[in-house]
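Chemist: Fold the following, please.
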Amino acid sequence: MINLHPQLVHFPVALVTTLFFYELWCRLRKEKSNQNTVRFLLVLLLLGAAASVGTGWWYEENIPHPHEGAVHAIMEWHETLGFAALGGFALLCIVYFFLQDKKWGRLFYQLLLTLLLAGTGLQAYLGGELGHTHGLSLPAGEHPPMHLHEHQGHL
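Modeler: Sure thing, here's the model as predicted:
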């Protein structure tokens, strides 16, 4: 079976980064961000995150993988952060679409976006550890290069 999770995860990573730097750029230039641009990025971000979480959950349920040791511990953190990120992106959309006109709503949106960018960075790091260091994104029967095994057990 094809695991689409490693391909889909790049969309929310790229979109939250793009949104953050677009908002920062507008703020530094003392310009109001274009609502259509932000709405477009937010909707794509939420859809991409939902697809990433959905395919990650599908992978966990349907493809054999380690259920013990360092790999499993990383996978559990990765899963927890994935669901938290999806909830955070949904909250980010709600705040932007319904509360951005209030000063506290705009401040909360900016703070939440910053936290989600940082959390997404951690999430991406853990996913990279699983996929590249531990070889979970490789086809069955293939293993990561031997020099990568020396990193196992470090979180």
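Chemist: only C-alpha atoms for contact and neighbour calcs from this point on.
Modeler: Will do.
Chemist: I'd like the distance between the spatially most central residue of the chain and residue 63.
Modeler: Nearest to the centroid of the C-alpha atoms of the chain, with distances taken as CA atoms, centre = their mean, sits residue 120, at 4.3 Å. From residue 120 across to residue 63, the span is 24 Å (CA to CA, to the nearest Å).
Chemist: mind listing the strands in the chain by residue range?
Modeler: Counting by DSSP state E, the chain has no strands to list.
Chemist: in it, what spans have low per-residue confidence?
Modeler: Along the chain, segments meeting pLDDT under 70 span 1, 65-67, 137-155.
Chemist: which residue sits farthest out from the middle of it?
Modeler: Seen from the C-alpha centroid of the chain, the residue lying at the greatest distance (CA atoms, centre = their mean) is residue 30, 28.6 Å away.
Chemist: I'd say residue 32 and residue 26 touch.
Modeler: Yes - between residue 32 and residue 26 there is a contact at 6.2 Å, judged by CA atoms under 8 Å.
Chemist: the more surrounded of the two?
Modeler: Higher neighbour count among residue 32 and residue 26: residue 26, with 13 against 10, using other CA atoms under 10 Å.
Chemist: Next, the contact list for the closest residue to the more buried one other than its chain neighbours, please.
Modeler: Of all residues not flanking residue 26 in the chain, residue 33 sits nearest, at 5.7 Å (CA to CA, 6 or more residues apart in numbering). Taking CA atoms under 8 Å, 6 or more residues apart in numbering, we find residue 33 in contact with 22-23, 26-27.
Chemist: What is the nearest of the residues you listed to residue 103?
Modeler: For residue 103, the nearest member of the contacts of residue 33 is residue 27. The distance, counting by CA to CA, is 14.4 Å.
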